[in-house]
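Trainee: Sharing a model prediction with you, sequence too.
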Amino acid sequence: MAARVSQRDVLAWVERYAETMLREDLVTELTEVVTAELAAEVPEVAADIGIRRDLDVSTHDLLWSYLVQSAKDPQADMTFPPAAVELARTLAVRGHDVSLLLRMYRVGQRVFWAKLMRIVTDRIEDSELRMAVLEFLWERVSRALERNIDLLVDTHTEESERRLRGALVRRTETVHAILRGEAIDVSAAREQLGHNLLRHQTALVLWARESVGEPDPAEQLESLAGEAASALGCPRPLAVRASARVVWAWLAGGDELPLERLRELDALRRSDSLRIAVGTAARGLDGFRTSHREALRAQRVAAASVRDEPVTCYRDVELISCLSADDEAMRAMVRRELGGLAGSGETVGRLRTTALAYLDAGGARAAAAALGVHKNTVLYRLRQVEDLLGHPLDDHPLGLHLALLLADRYGPRALP
């Protein structure tokens, strides 16, 4: 500040000018000029009548508060009026990011400062007083924005999170209503969920094993659901969090998706802790429910399996799922069909694997190729298998095959 211009001179000029401006017509006129220029630079403001209305009220109240404080005590800190806080909330309600809020205030500050510079230049002839007043006003305008911007951002963030929680709750409630079989308006549900409920539905259950490093991997699982949809040529999936470590998802697509592509997902290659269970495709709301139930059953099989596979499709384990619904009945069947072949140990386990390969392949030669051993080795093992069974393999092939499948999938859990 120039040496011959005192702080008192600056404050006196600011107080006098503020008092002359404290008229509704003058504040309204200045408001219209500022908001018009701001709207011209920020298209989102001009395009939304609700935002423009709140901007007009906010700008008016900000200018009025600024002038009142300047006339009363120009050096005091200024608190933004409620209308300015409500503008931040309106932007969140309209779904605009906080970056728009910050851009509006940067543009608004520049537009207001340009007007203020012209006013001071026109009204103060003394160059030193003019410079001193401009320095004081710039510092005050900047400090007011800096002091209040955190409040505006916090308000926007709080409203955004509140609305997001509300939307998630409503979406989750709608999903559960469909799963319970309640009567719903399909068109309204489709709009609320952003998901085509009329097409074939393929349900996914995505989960993270306990070994995964993140305490809350749900976001990672939702991203995995999106990657799965992209790989299968489906639109963005409908996904809801069942828990911190489990996400349910649905894909709207055709009745025959190339599910084998799921095993090639990059996310599954990067992580050995993420898992997917997949139901079969079925149409409409009934398909939404049945495919989900199948995905849950596939998850149950995968979770109990001695195999550690990243993807489990219900179509591949449907028989296993049905046979293992009752653990006691499953073990009784395995014990009855396998007899001595149900024992523990590496040797008897190898014999079960050989017998299963033989029944899967339909012959000793094909079984040898599948196991990577000589045909005579397979034949030798099969004789040992029949000794433990107490009868030829071909006596009860269906029951034996099913029991071997259960033992292969569940290991000790299926064995007596």
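Mentor: It's in.

Trainee: Quick one: residues in contact with stretch 232-248.
Mentor: Residues outside stretch 232-248 that contact it (C-beta atoms under 8 Å, 6 or more residues apart in numbering): 168, 171-172, 175, 193-196, 202-208, 210, 212, 215-218, 221-222, 224-226, 228-229, 249-253, 257-259, 261-262, 292, 295. Backbone N, C-alpha and C define where each C-beta goes, glycine included.

Trainee: can you give me phi and psi for residue 248?
Mentor: Dihedral pair for residue 248: phi -100, psi 140, per degrees, to the nearest 10.

Trainee: My error: substitute residue 5 in the last question.
Mentor: Per-residue torsions, residue 5: phi -100, psi 120 (degrees, to the nearest 10).

Trainee: The one 4 residues further on too?
Mentor: In this entry, residue 9 is assigned phi and psi values of phi -60, psi -40 (degrees, to the nearest 10).

Trainee: Excluding chain neighbours, what is closest to it?
Mentor: residue 129 (6.2 Å; C-beta to C-beta, 6 or more residues apart in numbering).

Trainee: Repeat that for residue 140.
Mentor: Of all residues not flanking residue 140 in the chain, residue 74 sits nearest, at 7.0 Å (C-beta to C-beta, 6+ apart).

Trainee: Is that neighbour part of a helix or strand, or is it coil?
Mentor: Look at residue 74: counting by DSSP: H, G, I helix; E, B strand; the rest coil, its state is coil.

Trainee: Chain neighbours aside, what residue packs nearest to residue 261?
Mentor: Of all residues not flanking residue 261 in the chain, residue 231 sits nearest, at 4.6 Å (C-beta to C-beta, 6+ apart).

Trainee: Settle this for me: residue 250 is touching residue 195, isn't it.
Mentor: Yes: with contact defined as C-beta atoms under 8 Å, residue 250 counts as touching residue 195 (6.6 Å).

Trainee: Report the separation between the closest residue to residue 253 other than its chain neighbours and residue 118.
Mentor: Nearest residue to residue 253, sequence neighbours excluded (C-beta to C-beta, 6+ apart): residue 234, at 4.1 Å. Note on residue 234: its distance to residue 118, by C-beta to C-beta, to the nearest Å, is 58 Å.

Trainee: more crowded one of those two?
Mentor: residue 234 (20 against 10; other C-beta atoms under 10 Å).

Trainee: Now that one: which helix or strand?
Mentor: Assigned by DSSP states H and E, residue 234 belongs to neither a helix nor a strand.

Trainee: Can you give me the pLDDT of it?
Mentor: Model confidence at residue 234, given as pLDDT, is 95.

Trainee: any idea how far it lies from residue 171?
Mentor: For residue 234, the distance to residue 171 equals 18 Å [C-beta to C-beta].

Trainee: now residue 82
Mentor: Residue 82 sits 32 Å away from residue 171, going by C-beta to C-beta.

Trainee: Who has more neighbours out of the two?
Mentor: residue 171 (18 against 11).

Trainee: Contact partners for the more buried one?
Mentor: By C-beta under 8 Å, 6+ apart, residue 171 lies in contact with 192-193, 240.

Trainee: From those residues, pick the one nearest residue 10.
Mentor: Distance to residue 10, by C-beta to C-beta, is smallest for residue 192 among these, at 58.2 Å.

Trainee: What about residue 80, how many residues nearby?
Mentor: For residue 80, the count of nearby residues is 21 (other C-beta under 10 Å).

Trainee: which SS class is it?
Mentor: Following three-state DSSP, residue 80 is assigned to coil.

Trainee: Spatially nearest residue to it (excluding sequence neighbours)?
Mentor: Of all residues not flanking residue 80 in the chain, residue 148 sits nearest, at 4.3 Å (C-beta to C-beta, 6+ apart).

Trainee: Quickly find the element holding that neighbour.
Mentor: helix 127-179.

Trainee: Give the next helix or strand downstream of that helix.
Mentor: Next along the chain after helix 127-179, taking DSSP H and E as the criterion, comes helix 186-193.

Trainee: okay, now residue 96: neighbour count?
Mentor: Residue 96 has 20 neighbouring residues, counting by other C-beta under 10 Å.
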